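K.L.:
Sequence and predicted structure are below.
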Amino acid sequence: MCTRRFLRQTPWVVLAAVLISCGGPQRTGTNFCRQLAKELPAIGQPMATTQEVAAMVGRYERLLEVAPLTIEKDLAVLTDLLQQAEKVNPNDTAQLQALADASYAANQSSLTVRDWVKSTCAVDITTGVNVEPPRVATTTIPATPTTDVPNPGTTTTVAP
């Protein structure tokens, strides 16, 4: 009886273990900022060669793996743009124009990612420089209410 139950439950236990182990990195702001710190200061460097573009694509792909859902779509747009830049032929004016058009189309995504990274990680992703201390959760302690309680030995008179 125990053997049958064990054999029936074994596939479910194995499946659960596989699903848990296949889970990717957590997509949190903290993990994103940690990965960004590993990519600094190179994330803000200009790209002039195909090797530099390829290295930047790798950086953005690593960031995209841990990007929170808040910025995932916008970061994917930027990563796709870099991948397109990696493949462009600099002698083909049509490809260059398509890349320029894609750059303009990605502008809003770029601003969204920049602002989110700045407010969450305190880094200007366009330069790779820390700009201010990161946000820290604050604890607000309410002020103790003060009441004027008359001294028990005195009397107060209210004027008519």
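P.N.:
Structure received. Numbers count the residues shown, from 1 in each chain.

K.L.:
Can you tell me the SS state at Ala48?
P.N.:
coil (DSSP: H, G, I helix; E, B strand; the rest coil).

K.L.:
mind checking how far it is from Gly58?
P.N.:
17 Å (Cβ to Cβ, to the nearest Å). Every residue, glycine included, has its C-beta placed from N, CA and C.

K.L.:
Also Gln51?
P.N.:
11 Å.

K.L.:
Which one of Ala48 and Gly58 is surrounded by more residues?
P.N.:
Per other Cβ atoms under 10 Å, whichever of Ala48 and Gly58 has more neighbours is Gly58, with 13 against 8.

K.L.:
Report the mean per-residue pLDDT for stretch 102-109.
P.N.:
Mean pLDDT, computed over stretch 102-109, is 95.

K.L.:
go on, stretch 25-33?
P.N.:
Stretch 25-33 comes out at a mean pLDDT of 90.

K.L.:
Endpoint to endpoint, that stretch covers what distance?
P.N.:
Stretch 25-33 has its terminal residues 13 Å apart, counting by Cα to Cα, to the nearest Å.

K.L.:
Look up the pLDDT of Thr127 for me, please.
P.N.:
Taking Thr127 on its own, its pLDDT is 75.

K.L.:
Spit out the contact partners of it.
P.N.:
Gly44 (Cβ atoms under 8 Å, 6 or more residues apart in numbering).

K.L.:
In a strand, it, correct?
P.N.:
No - Thr127 is assigned coil when assessed by three-state DSSP, not a strand.

K.L.:
State whether Ile71 is indeed within a strand.
P.N.:
No - secondary structure of Ile71 (three-state DSSP): helix, not part of a strand.
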